[in-house]
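> Have a look; sequence and predicted model below, questions after that.
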Amino acid sequence: VLSGADLSGVNLSGTNLFFQKMSSAKLVGANLTNANLALAYMDHVNLCGANLKGANLSRAQLSGANLCGAILYCEVEKLTNRYSAHLAWADLRWAKLFGVDLRSADLRYADLSGAELPGADLRDANLTGATLAEAELPGVDLSGVELTGANLRGANLRGANLRGANLTNAVIGNGQRQNEPFIVDRLAGADLTGANLTGVTIEVEDTVT
């Protein structure tokens with residue numbers, strides 16, 4: 001059990017941490033390249049500046065985690081499959097992902113509710129079925145992203161780049177922000193050139209007076 005442990009700067013490259021309990025651990029600048037963190041309990045973990053290249057974070061619990069400046073991107077051609085980072089089904093609720101490089105990442109069905117991603121690069125990432133409700137994505141590069149069936153209720157997409165993104169059957173709406181202008185405001189300046197909007201649901205609700 002590593003909950004609350006200070007492992008800052010420690011070399012954990014290739015370590016098997018499957019299902020490990022690491023809640024509130026401090027891993028600032030740690031080397032976690034190719035580590036197996038699948039199903040690990042990592043809520044409120046501090047991973048600022050950590051190197052997570054090639055790490056498996058599938059179904060990991062990362063709610064409230066701080067990944068500011070963490071390195072997740074790995075050249076796809078060096079991997080055994082096309083994904084640069086493995087975060088399928090991961091719990092990233094309220095996680096801080098400022099400026100994180102998630103190009104070509106596998107985020108299928110991940111929960112990013114309330115996550116903060118200003119400056120993040122999500123080009124060509126797979127967010128099929130992901131939950132991005134209330135997420136902060138202003139100016140984020142989402143070009144070529146797979147968002148089929150994604151939940152974007154209340155997400156802030158102002159100025160986001162959605163060129164060529166696939167939003168088939170995605171749901172967009174005000175979410176809990178019923179006292180704000182409708183979603184058009186939250187998409188202000190977003191680039192949807194070439195985006196697939198087939199079956200997109202835009203929820204319109206009366207604003208609170």
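Looks like it came in fine. Numbering: from 1, shown residues only.

> got the phi/psi numbers for the residue nearest the centre of the chain?
Geometric centre of the chain, nearest residue: residue 112, 5.5 Å, by CA atoms, centre = their mean. The phi and psi values for residue 112, taken as degrees, to the nearest 10, are phi -110, psi 30.

> what sits against it?
Counting by CB atoms under 8 Å, 6 or more residues apart in numbering, residue 112 makes contact with 92, 93, 95, 130, 131, 132, 135. Where C-beta positions appear, they are placed from N, C-alpha and C, glycine not excepted.

> wait, doesn't the fourth one sit right on residue 113?
What it means is residue 130. No - judged on CB atoms under 8 Å, residue 130 makes no contact with residue 113 at a distance of 9.7 Å.

> okay, and the helix or strand of this structure with the least pLDDT?
Least confident element among the helices and strands of the chain, by mean pLDDT, DSSP states H and E: helix 183-186 (a mean of 56).

> Centre of the chain to stretch 61-73, how far?
Distance, stretch centre to chain centre, for stretch 61-73: 9 Å (CA atoms, centre = their mean, to the nearest Å).

> and that stretch, how far apart are its ends?
End-to-end span of stretch 61-73 (CA to CA, to the nearest Å): 19 Å.
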